[in-house]
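Undergrad: Predicted coordinates and the sequence they were generated for:
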Amino acid sequence: MPGGRLTQQERQQIAVGLADDLAYAEIARRLDRPTSTITREVMRNGGPAAYRAELAHRATERRAHRRRQPAPRGTQAPEQAHGRDAEAVREYEETFTTLFTQQGLPTMTARVLASLYTTDAGSLTASELVQRLQVSPASISKAVAFLESQGLIRRERDERRRERYVVDDDVMYQSTIAGARANALLAETARQGVAILGHGTPAAARLENIARFVDFVSESIARAADQAREILHTKPEPTPGDPT
């Protein structure tokens, strides 16, 4: 199985495979590459609908060039814990960032969220994010404010009274519930239009169908979130005589 970075010709073959609606596994098989390599390549370069071989190749060359540049003194990233491959972690964070941007997050906001997702503590201070991402404090502040407004992170103070930005199980639950509530508001607004546009008209029927669909999905999401929180994130009660 060949190793090393993807060549420009391989990227062109990936683009052809995507255009032919081939699965990542099939493209990987044809290139004699791991499926994970193809998945990361596509997701970090716009996703299957926006992947362009030439653009992907140039972006990879730019990333490689940046990594060859010596970092300013005092700004080196800390060594990876648990014996992790620093390059693999960096590539994974780029993949996560691309996924978030495809879902509508601004690039800097996506980078902050990816950093929080992939740190062991699940929390970082503003200064830690500045050092980690090599950006200005103002950029971090703006990204954090947006993430907090969407319920994707929360703030808390640590023992040194520093403000930390946290992403954990409860944050994900609250964000999911907030999304379900937003959808419920959409359903309510759609139903208001039914009376305005006239019952029985095509437009009113469309809005009513939208409201019914969104209601069903929102209720299902909220119910599933409650069940997941109860089942997955509640510690079991210790049994009598259990030393733990």
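TA: Received it, and whenever you're ready, just let me know what you need.
Undergrad: Contacts for stretch 165-184, please.
TA: 112-113, 116-117, 122-126, 129, 144, 147-148, 150-156, 214-215, 217-219, 221-222, 225, 228-229, 232-233 (Cβ atoms under 8 Å, 6 or more residues apart in numbering). Placement of C-beta: from N, CA and C, glycine included.
Undergrad: Quick one: find the helix or strand in this structure with the lowest mean pLDDT.
TA: helix 53-68 (a mean of 75; mean pLDDT, DSSP states H and E).
Undergrad: pLDDT of the helix or strand just after it, averaged?
TA: Heading C-terminal from helix 53-68, the first helix or strand you meet, by DSSP states H and E, is helix 86-102. Here helix 86-102 scores 81 as its mean pLDDT.
Undergrad: buried ones in helix 86-102?
TA: Neighbour counts over helix 86-102 (16 or more other Cβ atoms under 10 Å) mark 91-98, 100-101 as buried.
Undergrad: Mind telling me which residue is nearest the centre of this protein?
TA: F100 (3.9 Å; Cα atoms, centre = their mean).
Undergrad: what about the strands in this structure?
TA: 123-125, 154-157, 163-166 (DSSP state E).
Undergrad: ok, of those strands, where does mean pLDDT dip lowest?
TA: Between the strands of the chain, the model is least confident about strand 154-157 (mean pLDDT), which shows a mean of 89.
Undergrad: Each with direction, which strands does it pair with?
TA: Partners of strand 154-157 in the sheet, by DSSP bridges, are strand 163-166 (antiparallel).
Undergrad: Which positions within the strand it pairs with qualify as buried?
TA: Buried residues in strand 163-166 (16+ other Cβ under 10 Å): 164-166.
Undergrad: ok now the lengthiest helix in the chain, how far from the chain's centre?
TA: The longest helix of the chain (DSSP state H) is helix 202-232. Distance of helix 202-232 from the chain centroid (Cα atoms, centre = their mean, to the nearest Å) equals 22 Å.
Undergrad: what comes up buried for it?
TA: 204, 207-208, 210-211, 214-215, 218, 222, 225, 229.
Undergrad: Please apply the same query to stretch 154-170.
TA: 154, 164-167.
Undergrad: Next: stretch 187-201.
TA: 187, 190-191, 193-194, 197.
Undergrad: Could you do stretch 19-29 as well?
TA: Buried residues in stretch 19-29 (16+ other Cβ under 10 Å): 22, 24, 27-28.
Undergrad: looking at it, R157 is touching S123, isn't it?
TA: No. Here R157 does not reach S123: they are 11.0 Å apart, not a contact under Cβ atoms under 8 Å.
Undergrad: Overlap of the contact sets of the two?
TA: R164.
Undergrad: so what's V144 up against?
TA: Neighbours of V144 in contact, by Cβ under 8 Å, 6+ apart: 112, 126, 129, 153, 165.
Undergrad: what about 10 Å?
TA: By Cβ atoms under 10 Å, 6 or more residues apart in numbering, V144 lies in contact with 108-109, 112-113, 116, 124, 126, 129, 152-153, 155, 163, 165.
Undergrad: Mark which of the residues you listed are buried, thanks.
TA: Using 16+ other Cβ under 10 Å, the buried members of those are 108-109, 112-113, 116, 124, 126, 129, 152-153, 165.
Undergrad: Those residues into a markdown table, with extra columns for distance to R62?
TA: Shown next, in a markdown table, are those (distance: Cβ to Cβ, whole Å):
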| residue | distance to R62 |
| --- | --- |
| M108 | 17 |
| T109 | 21 |
| V112 | 21 |
| L113 | 22 |
| L116 | 25 |
| L124 | 26 |
| A126 | 27 |
| L129 | 22 |
| L152 | 28 |
| I153 | 29 |
| Y165 | 28 |
